[in-house]
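>>> Generate a structure from the sequence data that follows.
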Amino acid sequence: MMRKYIIAAFLSQAFFIFGIQAQQWNPARGCIVDPNTDECLINAVLTAVPYLRITPDARTGAMGNTGVALSPDPNMIHYNASSLAFYPNSFGLAITYTPWLRALGINDIYLVYLSGAYKVDKLSTVGAAVRYFNLGEIEFVDENGQSIGLGNPREFDISLSYARKLSDKFSASLSTRYIYSNLANGQIVNGNPVKIGHSVAIDLGMTYKTELPIGGRKHNFTVGMAATNIGSKISYIRGTADFIPSNLALGMALDYNLDAYNILTITIDLNKYLVPTPQRDINDPDYDKDQNGIPDFREKPLFSGIFGSFADAPGGISEELQEVMLSSGLEYWYNGIFAVRLGYFYEHPLKGGRQFLTWGLGVRYSDYNINLSYLVPTGLYHSPLANTLRFGIVYNTPNTSEEQKSGK
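From the prediction side, this is the model:
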């Protein structure tokens with residue numbers, strides 16, 4: 001019984017982090033249920049270490065979480081590191097601080113993201129990033145609600161990236177990532193200790209960038225694609241392991257030069273988890289063939305789960321399409337000095353229901369970009385970032401290219 005309680009707690013963490021009502025999670029049904037009818041309201045894709053998909057920087061956080069095809073800065077390691085091959089500066093460093101659940105008066109949960117990029121030569125750029133998620137101090141309880149001690153869950157990952165131009169318009173990247181997750185280390189479940197989770201993952205990215213002549217001016221058009229967090233499953237208890245949030249993203253962006261002083265960027269991203277969809281019907285023969293108490297979708301091998309994620313939704317192709325998340329954003333720069341940003345994020349209600357507007361500001365002072373973002377929830381489930389101001393700074397070495405003049 002205790003083992004099931006701890007496992008359910010781990011899964012509920014995913015819903016808690018993304019603002020979904022974890023108390024309605026029904027382990028027997030494998031979904032969020034209506035407490036009155038026991039019917040599935042949400043059949044979201046479940047993963048361990050869901051913090052890896054939290055938007056880590058304030059610029060893209062103000063643009064609806066877009067980023068796959070945006071102009072490069074060090075934060076692009078999270079979205080699509082291949083864009084760094086077009087990085088116009090020789091060196092850059094970025095840091096963003098993200099408060100978590102501030103609307104509930106919680107002050108000890110936060111995310112910090114530090115990233116850097118270095119241009120090796122005209123063709124190659126390397127990057128590194130560290131992300132730290134502190135879940136604050138919590139009290140552990142057993143299935144009877146009795147206290148079994150205090151803990152400080154925390155997670156972090158370290159990424160290294162290499163991006164290279166393969167032509168004047170096309171680039172590719174490879175990133176490696178080490179993941180550390182300490183949620184309940186030292187607790188005992190059915191005589192088995194809860195351990196620290198470890199995983200190793202890679203990202204693959206591609207970027208195509210060209211110029212489009214429109215209205216007598218040249219405008220940058222970019223298409224990006226990235227497969228991120230492709231890595232080993234993570235385990236906290238002996239005999240169980242869960243997928244990490246592998247993701248496939250496709251993005252497009254148009255930098256429209258209104259005139260010599262005004263630039264408008266329009267961007268859109270599509271994202272889909274490369275993770276098995278939970279099976280809702282516990283009476284299905286394929287739900288738990290080996291009768292070990294763990295749904296078979298959680299026990300799929302890594303690559304079977306990744307490739308099968310395109311055709312495993314219980315509702316067929318219509319439910320597969322519902323798993324695609326949409327992000328869109330606008331960014332307006334005046335004279336490379338001041339920016340205004342706006343965005344929208346949409347996730348289907350069956351798959352989590354995250355829906356929110358974002359907005360933010362950017363100011364370029366000397367070699368520094370200062371970014372702010374704010375999130376306004378519009379869906380049923382409020383985001384942990386609702387009504388929270390995020391703050392980030394990007395430092396770029398001096399550069400005289402056109403991209404630097406645009407403030408990007």
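
>>> Does Thr66 touch Leu342 like I think?
No. In this structure Thr66 lies outside contact range of Leu342 using CB atoms under 8 Å: 11.0 Å. Using the backbone N, CA and C atoms, a C-beta is placed for each residue, glycine as well.

>>> neighbour-wise, which of these two wins?
In terms of neighbours (other CB atoms under 10 Å), Thr66 is the more surrounded of Thr66 and Leu342; the figures are 34 against 16.

>>> sorry, back to before: what residues are shared contacts of Thr66 and Leu342?
Shared contacts of Thr66 and Leu342, defined by CB atoms under 8 Å, 6 or more residues apart in numbering, comprise Gly329.

>>> what are the ranges of the strands in the stretch 151-300 of the chain?
Here the stretch 151-300 of the chain has its strands, by DSSP state E, counting those that start in this stretch, at 154-165, 170-182, 188-189, 192-193, 197-214, 217-231, 247-257, 262-273.

>>> mean confidence score for the fourth one?
Same thing as strand 192-193. In this model, strand 192-193 has a mean pLDDT of 79.

>>> How about residues contacting it?
Arg3, Gly186, Gln187, Ile237, Arg238, Gly239.

>>> returning to what we had before: can you put the strands of the stretch 151-300 of the chain in JSON lines and add distance to Ile294 and mean neighbour count?
Below are the strands of the stretch 151-300 of the chain laid out as JSON lines (distance: least, CB to CB, whole Å; neighbours: other CB atoms under 10 Å):
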{"stretch": "strand 154-165", "distance to Ile294": "23", "mean neighbour count": "20"}
{"stretch": "strand 170-182", "distance to Ile294": "19", "mean neighbour count": "20"}
{"stretch": "strand 188-189", "distance to Ile294": "14", "mean neighbour count": "16"}
{"stretch": "strand 192-193", "distance to Ile294": "14", "mean neighbour count": "14"}
{"stretch": "strand 197-214", "distance to Ile294": "17", "mean neighbour count": "18"}
{"stretch": "strand 217-231", "distance to Ile294": "20", "mean neighbour count": "20"}
{"stretch": "strand 247-257", "distance to Ile294": "24", "mean neighbour count": "20"}
{"stretch": "strand 262-273", "distance to Ile294": "20", "mean neighbour count": "20"}
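
>>> mean pLDDT lowest for which of these?
Mean pLDDT is lowest for strand 188-189 out of the strands of the stretch 151-300 of the chain, coming in at a mean of 70.

>>> burial of Asn80, as a residue count?
Per other CB under 10 Å, the neighbour tally for Asn80 reads 33.

>>> Quick one: residues contacting it.
Residues in contact with Asn80 (CB under 8 Å, 6+ apart) are Gly67, Val68, Ala69, Ser173, Gly205, Met206, Thr207, Gly224, Met225, Ala226, Ala249, Gly251.

>>> Try it again at 10 Å.
By CB atoms under 10 Å, 6 or more residues apart in numbering, the contact set of Asn80 is 67-70, 72, 161, 163, 171, 173, 175, 203-207, 222, 224-228, 249-251, 269.

>>> do the same with Gly151
The contact partners of Gly151, taken as CB under 10 Å, 6+ apart, are 135-140, 182-187, 194.

>>> now do Phe297
The neighbours of Phe297, taking CB under 10 Å, 6+ apart as the test, are 30, 45-46, 243, 275-279, 286-288, 305, 308-309, 312, 314.

>>> Okay, the closest residue to it other than its chain neighbours and Pro349: tell me how far apart.
Of all residues not flanking Phe297 in the chain, Pro276 sits nearest, at 4.2 Å (CB to CB, 6 or more residues apart in numbering). In this view, Pro276 and Pro349 are 20 Å apart by CB to CB, to the nearest Å.

>>> Which residue of those two possesses the greater neighbour count?
Shown here are Pro276 and Pro349; by other CB under 10 Å, Pro276 has more neighbours (23 against 14).

>>> Can you tell me how far that one is from Ser309?
Distance from Pro276 to Ser309, counting by CB to CB: 6 Å.

>>> any common contacting residues for the two?
Val45, Phe243, Phe297, Lys300.

>>> Which two of the contacts of strand 192-193 have the greatest separation?
Greatest spatial distance in the contacts of strand 192-193: Gly186 and Gly239, 18.3 Å, computed using CB to CB.

>>> picking that back up, could the shared contacts of Pro276 and Ser309 go into a markdown table alongside distance to Tyr97 and pLDDT?
As requested, those are exported to a markdown table (distance: CB to CB, whole Å; pLDDT from 0 to 100):
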| residue | distance to Tyr97 | pLDDT |
| --- | --- | --- |
| Val45 | 28 | 87 |
| Phe243 | 29 | 94 |
| Phe297 | 36 | 84 |
| Lys300 | 37 | 89 |
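
>>> and the residues you listed, which are buried?
The neighbour-count criterion (16 or more other CB atoms under 10 Å) marks Val45, Phe243, Phe297, Lys300 among these as buried.

>>> Where helices are concerned, which of these count?
When these are checked against helices (DSSP state H), there are no matches.

>>> tell me which of these is nearest to Tyr334?
Taking CB to CB as the measure, Val45 is the one of these closest to Tyr334, at 40.2 Å.

>>> dump the residue contacts of that closest one.
Counting by CB under 10 Å, 6+ apart, Val45 makes contact with 14, 243, 245, 247, 272-278, 297, 309, 313, 323, 351-352.

>>> can you rerun that using 7 Å?
With contact taken as CB atoms under 7 Å, 6 or more residues apart in numbering, Val45 is in contact with Tyr273, Val275, Thr277, Glu323, Lys351.

>>> so how far is Ser199 from the nearest residue to the second one once chain neighbours are set aside?
In this case it means Val275. Leaving aside its sequence neighbours, Val275 sits nearest to Phe243 (CB to CB, 6+ apart; 4.6 Å). Phe243 sits 10 Å away from Ser199, taking CB to CB as the criterion.

>>> What of Arg280?
27 Å.

>>> got it, and Ala48?
As judged by CB to CB, Ala48 and Ser199 stand 8 Å apart.
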